[in-house]
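Student: what would the 3D arrangement of this be:
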Amino acid sequence: MELNGERATADQVKVLALTNYGHFTSMLVQGQRVRGLSLHMQRLARDCRQIFDAELDVDRVRHCVRHALGDDNQAIIVRVTVYDPTLDLGTIGTDASPQVLVTTRTALPQGEPKPWRLQAACYHREIPAVKHIGLFGALRLRRAAQRDGFDDVLLLNADGTIGEIATSNIGFVRDGQIVWPRSEYLAGITMTLLHQALDEQVVTEPLTPADLVGMDAAFATNAVTGVRSVIAVESTQWASDHKTLRELRELYADIPAEHL
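Tutor: Model prediction:
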C-alpha cells in the first residue's frame, strides 16, 4: 500500500474509514499492461474534478502504479484510490489536495469466472456515474443477497427499471444483439470497450425484470473479471455457455492492452 509512491502509514489512510470521501478505479495488470488503461485514467481525472474540484495528474498516477508494481509481471489487481488525507468531517468543504493511494493484490488464476445468480433489489447509488468509495448501500444489499443464497445484487431504479450490479455492469443477449439497460449507472471500462468494439450490434433500452424472459443470455462485465455469465436473475434462468458469451470473451481478450 503506497501513498504518492511511498509506503502509506495508518494515520494517512485512517481518513478513508473515518471520513470515507474519495473515488477509485480498479484494474487488472498483466505484464505491466492494462486493457482500457486510458479509460481508467480518464475516469480518475473526471471523477476528481467532480468530487474535489481539482485536476488530477494522470501521469503521476501511472508513475505511482508502476512504482507499486516494481518489476512484477504477474497478474495483479491494482486499485487506485484518490482522496485527501487532511480532510475530515468538519473540514470537508476546504480546498482539497487529492493524493494517490495504490493498493495491490495478486489476481486469482485467469479463466472463465464462476457464473452468477442475482437477487433484484431497489437501490440507486448516489451520483451513479462516479466511481466513489461510498459503497455501503450496495454492499449491504450484496450481503443480503449472498445470505439468501445468491451471488450478488441487481440494482433496480425506483420505477422498476434495471440499473447495474453492485460493482459490475449487466448486459443481455437477444437475437444476436447485445442489450444494455438504459439507466443512470457507472459505465464500466469493460462495458465501454465491448460497446466500442461491437458498435452496431449493441442496443440500449429500458428494461425491467419482466422483460428478461425474452433474453437469450445474460452477463456481467468488470475490469477485473472481464465477462462473466449470469445464469439467473431471481427465477429467470439462462444457460452459462451461450455462444455469444464465448464470442464476447474472445473479443474482449483480443482488445490490445496499454503499457503502464
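
Student: averaged pLDDT, whatever helix or strand T81 lives in. What do you get?
Tutor: Per DSSP states H and E, T81 falls inside strand 75-83. Here strand 75-83 scores 96 as its mean pLDDT.

Student: for the very next helix or strand once past that strand, the averaged confidence score.
Tutor: Once the chain leaves strand 75-83, the next helix or strand it forms, by DSSP H and E, is strand 99-106. For strand 99-106, mean pLDDT is 96.

Student: helices and strands around strand 99-106, which ones?
Tutor: Helices and strands touching strand 99-106, by 3 or more Cβ pairs under 8 Å, 6 or more residues apart in numbering; DSSP states H and E, are strand 2-3, helix 58-69, strand 75-83. In short, each C-beta sits where N, CA and C put it, glycine included.

Student: tabulate these (JSON lines), appending distance to A10 and mean neighbour count.
Tutor: Output for the helices and strands packed on strand 99-106, formatted as JSON lines (distance: least, Cβ to Cβ, whole Å; neighbours: other Cβ atoms under 10 Å):
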{"stretch": "strand 2-3", "distance to A10": "11", "mean neighbour count": "18"}
{"stretch": "helix 58-69", "distance to A10": "18", "mean neighbour count": "17"}
{"stretch": "strand 75-83", "distance to A10": "15", "mean neighbour count": "20"}
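
Student: okay, those in JSON lines with distance to G160 next?
Tutor: Formatted as JSON lines, the helices and strands packed on strand 99-106 follow (distance: least, Cβ to Cβ, whole Å):
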{"stretch": "strand 2-3", "distance to G160": "43"}
{"stretch": "helix 58-69", "distance to G160": "38"}
{"stretch": "strand 75-83", "distance to G160": "33"}
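
Student: residues contacting the helix or strand encompassing F24, please?
Tutor: For F24, the host element (DSSP H and E) is strand 23-30. Residues outside strand 23-30 that contact it (Cβ atoms under 8 Å, 6 or more residues apart in numbering): 34-37, 40, 43-44, 47-48, 51, 65, 69, 73, 75-83, 107, 130-133, 189, 223-224, 257, 260.

Student: what is the burial count for G163?
Tutor: Using other Cβ atoms under 10 Å, G163 is surrounded by 22 other residues.

Student: roughly how far does V224 sit from L37?
Tutor: Counting by Cβ to Cβ, to the nearest Å, the gap from V224 to L37 is 14 Å.

Student: how about the residue sitting furthest away from the middle of the chain, phi and psi?
Tutor: In terms of distance from the mean C-alpha position of the chain, G90 ranks first, at 30.0 Å (Cα atoms, centre = their mean). G90 adopts backbone torsions of phi -90, psi -20, taken as degrees, to the nearest 10.

Student: could you do V203 as well?
Tutor: Dihedral angles for V203 - degrees, to the nearest 10 - are phi -130, psi 150.

Student: just checking, it touches V173?
Tutor: No. Using Cβ atoms under 8 Å as the test, V203 is too far from V173 to be in contact (11.1 Å).

Student: if we can go back for a sec, nearest to T244, out of the helices and strands packed on strand 99-106?
Tutor: Among the helices and strands packed on strand 99-106, the nearest to T244 by Cβ to Cβ is strand 75-83 (25.8 Å).

Student: what comes up buried for the longest helix seen in the chain?
Tutor: Ranked by number of residues, the top helix in the chain under DSSP state H is helix 37-52. Residues 37, 39-41, 43-45, 47-48, 51-52 are the ones in helix 37-52 that count as buried (16 or more other Cβ atoms under 10 Å).
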